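Chemist: structure for the following, please:
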Amino acid sequence: MKALIVLLLAIGLAGVVPGQERYVKPVDEAAEDASFLAFRNKLTAAAERKDAAFILSILDPKISLSFGGDSGIADFKRIWKINSKNSPFWKEFLTVIKNGGTWWKEKPAGKLFYAPYTFNSFPEDLDAFTHEVVFGSNVNLRAGPSTDSRVIAQLSYNLVTAETDPETEAGKIRETRGWSKVKTLGGISGWIKNEFLRSPIDYRAGFEKKRGAWKMVAFIAGD
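Modeler: Next up, the predicted model:
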């Protein structure tokens, strides 16, 4: 009987396939168009000094801002209160513009650039609403939602699932304490700071060359 049990366990375990880790590693195709790279360098510098006039000057008149119909420069000013140095736009935009990006595949090369890299590079076979990317290298995955908790592993650009349901304890901690309970596709579970996670449908910026000048044609989140 013991031999039979051991045999059955062996057969069962043979059918268990461990999960495969997957990654979304940084990519930046901006240098494929020298004019865009120069434009982005100027734009980044303007955002760092919180130059509202420069930002407004590069907005497309019909810039897309939400999936609820918000668009245009007037809506941009209303939503982001761009003339305030305390506007949340500055932090959000710098995270977007400083993290690479790719040319939109459905447009001719050099026509439409999207940043950050996590938007266009996200795997099409995974649900963007349930999966996120570890936004950095050697990020600590901890046993609990605290920097005092034991480090389980260090993650670099792994794809993960996160507990986001606000009705669960983990979901509440995510909302109130800035830590998320995650699981890698390889099956490693733990806690990570929210600042090191990014969804492909978080804010992204789209840039298109129109009449010889680069314009920001979208600054939008969601799907």
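
Chemist: every contact and neighbour count from this point should use C-alpha atoms.
Modeler: Will do.

Chemist: just give the closest residue to T130, not the sequence neighbours.
Modeler: Of all residues not flanking T130 in the chain, T161 sits nearest, at 5.9 Å (CA to CA, 6 or more residues apart in numbering).

Chemist: that's a strand at that neighbour, yeah?
Modeler: Yes. Assessed with DSSP: H, G, I helix; E, B strand; the rest coil, T161 lies in a strand.

Chemist: next up, the contacts around it.
Modeler: Neighbour list for T161: T130, H131, E132, V182, K183, T184, L185 [criterion: CA atoms under 8 Å, 6 or more residues apart in numbering].

Chemist: would you reformat those residues as TSV and include distance to A170, pLDDT and neighbour count?
Modeler: Below are the contacts of T161 laid out as TSV (distance: CA to CA, whole Å; pLDDT from 0 to 100; neighbours: other CA atoms under 10 Å):
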residue	distance to A170	pLDDT	neighbour count
T130	15	91	12
H131	16	96	21
E132	16	96	27
V182	10	97	24
K183	13	97	20
T184	16	97	23
L185	19	96	18
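
Chemist: out of these, which is nearest to F119?
Modeler: Using CA to CA, E132 comes nearest to F119 of the contacts of T161, at 10.7 Å.

Chemist: list the buried residues for the lengthiest helix in the chain?
Modeler: The longest helix of the chain (DSSP state H) is helix 34-48. Using 16 or more other CA atoms under 10 Å as the test for burial, helix 34-48 gives F36, R40, L43, T44, A46, A47.

Chemist: so what secondary structure elements neighbour it?
Modeler: helix 52-57, helix 89-97 (3 or more CA pairs under 8 Å, 6 or more residues apart in numbering; DSSP states H and E).

Chemist: between the ones you listed, which gets nearest to A213?
Modeler: Nearest to A213, of all the helices and strands packed on helix 34-48, is helix 52-57, at 10.8 Å by CA to CA.

Chemist: which residues does the closest one contact?
Modeler: L43, A46, A47, I73, I82, N83.

Chemist: contacting residues for the residue most central in space within the chain?
Modeler: Nearest to the mean C-alpha position of the chain, by CA atoms, centre = their mean, lies R198 at 3.4 Å. Taking CA under 8 Å, 6+ apart as the criterion, R198 is in contact with T118, E132, V133, V134, F135.
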